[in-house]
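Predicted model and sequence follow; I will ask about them next.
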Amino acid sequence: MNNENVFFNPGDAIASSHDYKEARRSAQIIKAGRPTADQLIIAKNEKDGTYAIYLEDKARDARHGEPYQIKDKL
């Protein structure tokens, strides 16, 4: 687990959930379907508590994004 805080645009999320286990399961399914894809990040939105899945290489945008805390990488 990582405690790094980052800014992501919520509209760039591949998937999201209010439940961490569900978000992780979704990330595993996405990763299995795209094994050559970049690493996936599961991050928790600091404002509303939802978990979102992002591609690691997705641009992080402090001006237009919302604060997230990275919870896991796959």
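Perfect, thanks for sending it. Just so it is clear, the model here is predicted, and its values are computed rather than measured.

Show me the shaky parts of the chain.
For the chain, the stretches with pLDDT under 70 are 1-4, 37, 58-59, 61-62.

quick one, strands of it?
Ranges of strands in the chain, per DSSP state E, are 5-8, 15-17, 40-45, 51-55, 66-73.

Could I get those in TSV, plus columns for distance to Gln28 and mean neighbour count?
Any C-beta I mention is one placed from the backbone N, CA and C, and that applies to glycine too. As requested, the strands of the chain are exported to TSV (distance: least, CB to CB, whole Å; neighbours: other CB atoms under 10 Å):
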stretch	distance to Gln28	mean neighbour count
strand 5-8	20	17
strand 15-17	11	17
strand 40-45	9	22
strand 51-55	10	22
strand 66-73	10	17
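
can you put those strands in TSV and add distance to Gly33?
What follows is the strands of the chain, written out as TSV (distance: least, CB to CB, whole Å):
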stretch	distance to Gly33
strand 5-8	22
strand 15-17	12
strand 40-45	11
strand 51-55	13
strand 66-73	18
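
closest to Ser26 out of those?
strand 15-17 (4.7 Å; CB to CB).

so how far is Ala32 from Asp48?
Distance, Asp48 to Ala32, by CB to CB, to the nearest Å: 28 Å.

Repeat that for Asp19.
19 Å.

and what of Gly11?
25 Å.

now Ile53
13 Å.

cool, His64 as well?
Distance from His64 to Ala32, by CB to CB: 31 Å.

Glu66 is in contact with Asn5, correct?
No - contact between Asn5 and Glu66 fails when scored by CB atoms under 8 Å: they sit 10.9 Å apart.
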